[in-house]
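Colleague: Give me a model of this one.
(one chain, ligands or ions: 2)
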Amino acid sequence: MNGKGVIRGLGVVLQHFIDTYIVDIQARLAGRKRYYTPEGIAERSNYKARGIFTVQYPEEKLPVPEEFRYIPFLVYEEGPNGEQVQRCTSCGICAKVCPPQCIWITRTSDPVTGRPVPSPAEFIIDVDICMNCGMCAEYCPFDAIKMDHDYEIASYDRHRDNIFDIKKLSKPVSYYAQIRPTNYAREEAARQAEKEAKAAKKAGAAAAD
Ligand code: SF4
Ligand code: SF4
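Modeller: Ligands and ions are numbered 1, 2, ... in the order given. Sure, this is the predicted structure:
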């Protein structure tokens, strides 16, 4: 019969509508918060959930997995006086491997000798061209560029807001550790192991002399 599917669909909507109130009351009686908490979002996202399953964006946001990637950012260490010490050496590998060629780097020059200094004077990414592939982060030998989780970058002016310069791209290593804890821990363990191996080699060479 024509319209049978529409009636069935409306029945599903009505069922969700009624279930939402029932489950909300049950949750309140049980002391569970169904909205604006990570537990509430997880409960409503479950495939067994009854009632409302949508997210109240932007007040609520679905959690993203650790490997989620959006725009790259530059990782800096915080110096003893709070200064930003870029991990980037401006080697240019990321710019070379970037498929749509949306990274531009200017290396710092020593003002006296004019010789190159392994640090970027400027680092620019056109985020409208970036295809979020993560190749720059994969190939960087210094763990200096990583993929961010922040996807809320909509703007009205492409030229003013979407050409990210070094200031806009730079974030502290603590931020990286917070959004990608497993990756950070693995890299730090590898760094420590490398340091210890170097120290052991040096000590072995000194003992042999
Ligand atoms: S981010 Fe990494 S790969 Fe890119 S220039 Fe800096 S050190 Fe080299
Ligand atoms: S994520 Fe991919 S497209 Fe974007 S800057 Fe890195 S290499 Fe280029």
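
Colleague: Can you check the pLDDT for the spatially closest residue to H149 that is not a sequence neighbour?
Modeller: Leaving aside its sequence neighbours, H149 sits nearest to I179 (CB to CB, 6 or more residues apart in numbering; 4.9 Å). Glycine gets a C-beta too; all of them are placed from N, C-alpha and C. Confidence at I179, expressed as pLDDT, is 97.

Colleague: OK, contacts around I179?
Modeller: E66, D148, H149 (CB atoms under 8 Å, 6 or more residues apart in numbering).

Colleague: ditto for K168
Modeller: Contacts of K168 (CB under 8 Å, 6+ apart): none.

Colleague: Assign a three-state SS to it, would you?
Modeller: helix (DSSP: H, G, I helix; E, B strand; the rest coil).

Colleague: which parts of the helix or strand harbouring A197 are buried?
Modeller: Secondary structure from DSSP states H and E places A197 in helix 181-208. Neighbour counts over helix 181-208 (16 or more other CB atoms under 10 Å) mark N183, Y184 as buried.

Colleague: hang on, the earlier thing: reformat the contacts of I179 into TSV and put neighbour count and secondary structure next to each item.
Modeller: Formatted as TSV, the contacts of I179 follow (neighbours: other CB atoms under 10 Å; DSSP: H, G, I helix; E, B strand; the rest coil):
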residue	neighbour count	secondary structure
E66	13	coil
D148	20	coil
H149	19	coil
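
Colleague: Considering those residues, which is situated nearest to A205?
Modeller: Closest approach between the contacts of I179 and A205, by CB to CB: E66, at 39.8 Å.

Colleague: Show me where the protein has its helices.
Modeller: Taking DSSP state H as the test, the helices found in the chain are 4-30, 38-45, 93-97, 135-139, 158-161, 166-169, 173-179, 181-208.

Colleague: Would you reformat the contacts of I179 as CSV and include pLDDT and distance to N46?
Modeller: Putting the contacts of I179 into CSV (pLDDT from 0 to 100; distance: CB to CB, whole Å) gives the following:
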residue, pLDDT, distance to N46
E66, 97, 20
D148, 98, 28
H149, 98, 22
